[in-house]
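*Asks:* Fold the following, please.
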Amino acid sequence: MPWTNTALPPLIGHTPLEGGAPRARDLGLHFAGVPGPWNAITDVPGVEVGCVTLLGESGSGKAIRTGVTAILPRGRQALGRSCAAGLHSLNGNGELTGSAWIEESGGLAMPILLSNTHSVGACHHGSLQWVLQQQPQLGRQWLLPVVGETWDGYLNDINGQHVLPEHAALALESASSGAVPEGAAGGGTGMNCYAFKAGNGTASRQVRFGAQHFTVGVFLQANFGVRQELRIGGVDVGAALAADNPLQAHFGDAPAGAGSCLAIVATDAPLLPLQCKALARRVGLGIARTGTCGSHFSGDLFMAFSTANAGALDSRFPGSEPEDAVLRSLCFVPWGHVDALYTAVVEATEEAVVNALVAGRSMVGLDGRRSPGIPHAELQRLLAR
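*Replies:* Model prediction:
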């Protein structure tokens, strides 16, 4: 039976996949490069994104501001077919399950789920349930779900374990192409960036390779940075927007900049796993353009995958003795021509961070704590100067 809203506890609201939040370009901000039609990770053919957003109060009156984001690298129709993939840890104060197998095999064959730090287990369980429901034969061998997290405990009752396996499964069930919800949606619901309300952010770039055109898409769960660091379009805006900063005031003398950043890079350009790893490394250059120095208390974990060479890196039990017919080949962009893809990752990452900030609307959460949205008019004035 497909997952439906009936799987959700009655006190929790479910928000389906939808766009609508303002984006950086809506404010007249300019970025280098040519985006795809949606300017989102879903511009990469086959990639689907779903969100379940949990907003409400627990039975004990504590604020719930969290959720789950699901990314299907090849959509549900090709569940279990591998993508070349690579990982990079800018700072390892975070969690990304399934990463050891991706490093070992160079392949990604499972959905990706993003949520809060204390909900990794529930999402792992929910991913297994959903995959087995969709493709029972995959359960005859091992399954290693990919689940990442960032910390939303400033606004959300993170210790309340409000994310359930059913929410993870519903996020997967709702995944689709097209517009991707930004700001306070899915796993990004309770997240903050540069001490402003933020969360999900995405962007894409089109890259020409001879007569072919490829797409690079970036999705971020943005939850990092100190207000004073913030730069947009090369302009230092953090200091000028420093006045309203309840998050930093709440933590007092504690080190600022904690929280983490998860980034997923997708492309239809044919790449080797090591080339995917190289793309993942460039995410760090993109978020650095927005000012962060990468706090020790921010787990910044990045993944890149290629949807080309479908299934070439599948790793399942062999059904017979090897023959020449089972040998596989990989088509890939020559190393000497990857720079355009690197540039696309950096440009799309920078814009995705700003999109997360622009989409972030002021939110009040746990114990009345407030996270302000970045003031659009003031930001436009600063950049115009």
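*Asks:* Show the low-confidence segments of the stretch 1-150 of the chain, by residue range.
*Replies:* 1-19 (pLDDT under 70).
*Asks:* quick one: the helices in it?
*Replies:* Applying DSSP state H, counting those that start in this stretch to the stretch 1-150 of the chain gives helices spanning 99-105, 120-134.
*Asks:* what's the last one packed up against?
*Replies:* Using 3 or more CB pairs under 8 Å, 6 or more residues apart in numbering; DSSP states H and E as the contact test, the elements touching helix 120-134 are strand 112-116, strand 146-150, helix 165-173. (Glycine included, C-beta is placed from N, CA and C.)
*Asks:* could I get these as a markdown table with mean neighbour count and distance to A377?
*Replies:* Converted to a markdown table, the helices and strands packed on helix 120-134 look like this (neighbours: other CB atoms under 10 Å; distance: least, CB to CB, whole Å):
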| stretch | mean neighbour count | distance to A377 |
| --- | --- | --- |
| strand 112-116 | 30 | 31 |
| strand 146-150 | 27 | 29 |
| helix 165-173 | 26 | 34 |
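*Asks:* Pipe those into a markdown table and attach distance to Q206 per row.
*Replies:* What follows is the helices and strands packed on helix 120-134, written out as a markdown table (distance: least, CB to CB, whole Å):
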| stretch | distance to Q206 |
| --- | --- |
| strand 112-116 | 23 |
| strand 146-150 | 27 |
| helix 165-173 | 28 |
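*Asks:* among the ones you listed, which is nearest G291?
*Replies:* strand 146-150 (17.8 Å; CB to CB).
*Asks:* C-alpha coordinates for the longest helix anywhere in the chain, PDB please?
*Replies:* Ordering each helix of the chain by length in residues (DSSP state H) puts helix 339-359 first. Extracted in PDB, the C-alpha atoms of helix 339-359 (Å, rounded to 0.1, in the frame of the first residue of the first chain):
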ATOM      1  CA  ASP A 339      37.000  22.700 -15.300                       C
ATOM      2  CA  ALA A 340      33.700  23.900 -16.600                       C
ATOM      3  CA  LEU A 341      31.900  21.400 -14.300                       C
ATOM      4  CA  TYR A 342      34.000  22.700 -11.400                       C
ATOM      5  CA  THR A 343      32.900  26.300 -12.200                       C
ATOM      6  CA  ALA A 344      29.300  25.200 -12.400                       C
ATOM      7  CA  VAL A 345      29.400  23.600  -8.900                       C
ATOM      8  CA  VAL A 346      30.900  26.700  -7.300                       C
ATOM      9  CA  GLU A 347      28.500  29.100  -9.000                       C
ATOM     10  CA  ALA A 348      25.400  26.900  -8.200                       C
ATOM     11  CA  THR A 349      26.500  26.400  -4.600                       C
ATOM     12  CA  GLU A 350      26.900  30.100  -4.000                       C
ATOM     13  CA  GLU A 351      23.500  30.800  -5.400                       C
ATOM     14  CA  ALA A 352      21.900  27.900  -3.500                       C
ATOM     15  CA  VAL A 353      23.100  29.400  -0.200                       C
ATOM     16  CA  VAL A 354      21.700  32.800  -1.100                       C
ATOM     17  CA  ASN A 355      18.400  31.200  -2.200                       C
ATOM     18  CA  ALA A 356      18.200  29.400   1.200                       C
ATOM     19  CA  LEU A 357      18.700  32.700   3.000                       C
ATOM     20  CA  VAL A 358      16.200  34.700   0.800                       C
ATOM     21  CA  ALA A 359      13.600  32.000   1.200                       C
END
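*Asks:* buried residues in it?
*Replies:* Of the residues in helix 339-359, 340-359 count as buried by neighbour count, 16 or more other CB atoms under 10 Å.
*Asks:* thinking again about what came up before, out of the helices and strands packed on helix 120-134, the one nearest T290 is which?
*Replies:* Of all these, it is strand 146-150 that lies closest to T290, at 16.0 Å by CB to CB.
*Asks:* so the closest one versus helix 120-134, what angle?
*Replies:* If you take axes from the mean of the first three to the mean of the last three CA atoms, to 10 degrees, strand 146-150 sits at 150 degrees to helix 120-134.
*Asks:* and strand 146-150 with helix 165-173, angle?
*Replies:* Using the same axes, to 10 degrees: strand 146-150 against helix 165-173 is 110 degrees.
*Asks:* list the helices and strands strand 146-150 packs on?
*Replies:* strand 112-116, helix 120-134, strand 261-267, strand 300-306.
*Asks:* What lies in contact with the first one?
*Replies:* Strand 112-116 is contacted by residues 66-73, 122-124, 126-127, 145-153, 156, 158, 163, 168, 171-172, 186-188, 190, 221, 262, 264, 303 when judged by CB atoms under 8 Å, 6 or more residues apart in numbering.
*Asks:* Just the C-alphas of that strand, formatted as PDB.
*Replies:* C-alpha atoms of strand 112-116 as PDB (Å, rounded to 0.1, in the frame of the first residue of the first chain):
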ATOM      1  CA  ILE A 112      19.300  10.200  -0.100                       C
ATOM      2  CA  LEU A 113      17.500  11.500   3.000                       C
ATOM      3  CA  LEU A 114      18.300  14.700   4.900                       C
ATOM      4  CA  SER A 115      16.900  15.600   8.300                       C
ATOM      5  CA  ASN A 116      18.000  16.700  11.800                       C
END
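*Asks:* so what strands line up beside it?
*Replies:* strand 63-72 (antiparallel), strand 146-150 (parallel) (DSSP bridges).
*Asks:* Of the ones you listed, which is nearest R369?
*Replies:* The nearest among those, by CB to CB, is strand 63-72 at 8.3 Å.
*Asks:* If you count neighbours, what's buried in the closest one?
*Replies:* A63, I64, R65, T66, G67, V68, T69, A70, I71, L72.
*Asks:* what angle sits between that strand and strand 261-267?
*Replies:* Using the same axes, to 10 degrees, the inter-axis angle of strand 63-72 relative to strand 261-267 is 20 degrees.
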